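Novice: Whatever this is, show me its structure:
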Amino acid sequence: MRQVYITGHGGPEKLQLRESADPLPQAGEVRIRVRASGINFADILARKGLYPDAPKLPCVVGYEVSGVVDAVGPGVAEDWQGRAVFALTRFGGYADTVVVPLPQVFEKPAALTHEQAAAIPVNYLTAWQLMVVVGSLSKDESVLIHNAGSGVGLAAIDLGRHLGAKLYGTASAGKHDFLRERGLHHPIDYRGVDWSPELDRITEGRGVELILDPLGGAHWKKSYKALRHTGRLGMFGISTASESGLIRPLAFLKLALSLPLFNPVSLMNDNRAVFGVNLGHLWHENGKIRPWMETLLRGVTEGWVRPHVDKAFPLAQVGEAHSYIEARKNIGKVVLVP
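Specialist: Next up, the predicted model:
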């Protein structure tokens, strides 16, 4: 098997393709020959030493794959062999072969390519948790989606359209036409103008009921202020930590100093709520995740879940894939293909 290792903290040059023996599935597991692996921003943070959950170096990251089952462990029905599936992985996804516990495996819809299937698990489950499970977004409410052109951003647009919400989103101007076609009602150029007064202008000072914010730091303060009464702020990342250019301890210190302090009394008086989402900390809640995914798979059949893959890179070009995402060139998902 081939795997991409993070050999040290730093730039894309720290990613190295290595070969090793094929893994064998243990009890309750299946082995998948990977056709596509999803890339997430957490992987880039791990490479830079800014992701506390990452395994010790050298390590193989990757939270999602799609492929074909070619072996099963004890206790798994033999008819799983040969099935096209996609799966959540607790790291290890940057590989051409993975072993995964059966509860984390789902049959791939025939309508989707393997690349599209690899774009579903992290992006759509995160968006579902943000918007439906915790965010409680209702028909005719409004939502601001930061980084609307990202994988989670496009997933949130799909879910927001399905729920009947008013959709605002921040993205660079070059992505606006595409985002409008996907269903975003009001794209905001965060590079050309300050998004906060622009949102205030187009909502006539009301703000929005829900904000999805993966930026972190001082951005959370601005997002909180942009909430309407009864509004909810969903935080699910700290992508700004990767932009400071500082070494790891200083980057964390700068981030910590910029974080907002949410006071319970002020939350009550403002009639607002804040919450966090980290899909990587829900591995023990498979009883929740599977029903969410089953709903999303119905969405594939009904046409309101539409995973979009911007670009597929060969496994050996993983460094170029990371650089492509860091340059904010992608609209939607970037995947690796063996």
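
Novice: looking at it, Arg18 is touching Ile6, isn't it?
Specialist: No - counting by Cβ atoms under 8 Å, Arg18 does not reach Ile6; the two are 11.1 Å apart. C-beta coordinates here come from the backbone N, C-alpha and C atoms, glycine included.

Novice: And the two? Which one has more around it.
Specialist: Ile6 (23 against 13; other Cβ atoms under 10 Å).

Novice: Residues in a beta bridge with that one, which ones?
Specialist: Leu15, Cys59 (DSSP bridges).

Novice: now it: how far from Asn330?
Specialist: Per Cβ to Cβ, to the nearest Å, Ile6 is found 20 Å from Asn330.

Novice: what are the ranges of the helices in the stretch 1-150 of the chain?
Specialist: With DSSP state H, counting those that start in this stretch, the ranges of helices along the stretch 1-150 of the chain come out as 41-47, 114-117, 121-128.

Novice: cool, the stretch 151-300 of the chain as well?
Specialist: Under DSSP H, counting those that start in this stretch, the stretch 151-300 of the chain gives helices at 151-163, 176-182, 195-202, 218-225, 248-258, 264-270, 286-302.

Novice: deepest of the ones you listed, which one?
Specialist: helix 151-163 (a mean of 25; mean count of other Cβ atoms under 10 Å).

Novice: Could you export that one as PDB, keeping only the C-alpha atoms?
Specialist: Output of helix 151-163 as PDB, limited to C-alpha atoms (Å, rounded to 0.1, in the frame of the first residue of the first chain):
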ATOM      1  CA  GLY A 151     -16.500  22.200   0.700                       C
ATOM      2  CA  VAL A 152     -18.500  22.900   3.900                       C
ATOM      3  CA  GLY A 153     -19.800  26.200   2.400                       C
ATOM      4  CA  LEU A 154     -21.200  24.400  -0.700                       C
ATOM      5  CA  ALA A 155     -22.700  21.700   1.500                       C
ATOM      6  CA  ALA A 156     -24.300  24.500   3.700                       C
ATOM      7  CA  ILE A 157     -25.800  26.100   0.500                       C
ATOM      8  CA  ASP A 158     -27.400  22.800  -0.400                       C
ATOM      9  CA  LEU A 159     -28.900  22.300   3.000                       C
ATOM     10  CA  GLY A 160     -30.000  25.900   3.300                       C
ATOM     11  CA  ARG A 161     -31.800  25.700  -0.100                       C
ATOM     12  CA  HIS A 162     -33.500  22.500   1.100                       C
ATOM     13  CA  LEU A 163     -34.600  24.200   4.300                       C
END
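
Novice: Show me what it packs onto, helices and strands only.
Specialist: The contact analysis (3 or more Cβ pairs under 8 Å, 6 or more residues apart in numbering; DSSP states H and E) places helix 151-163 against helix 121-128, strand 142-145, strand 166-171, helix 176-182, strand 208-213, strand 333-337.
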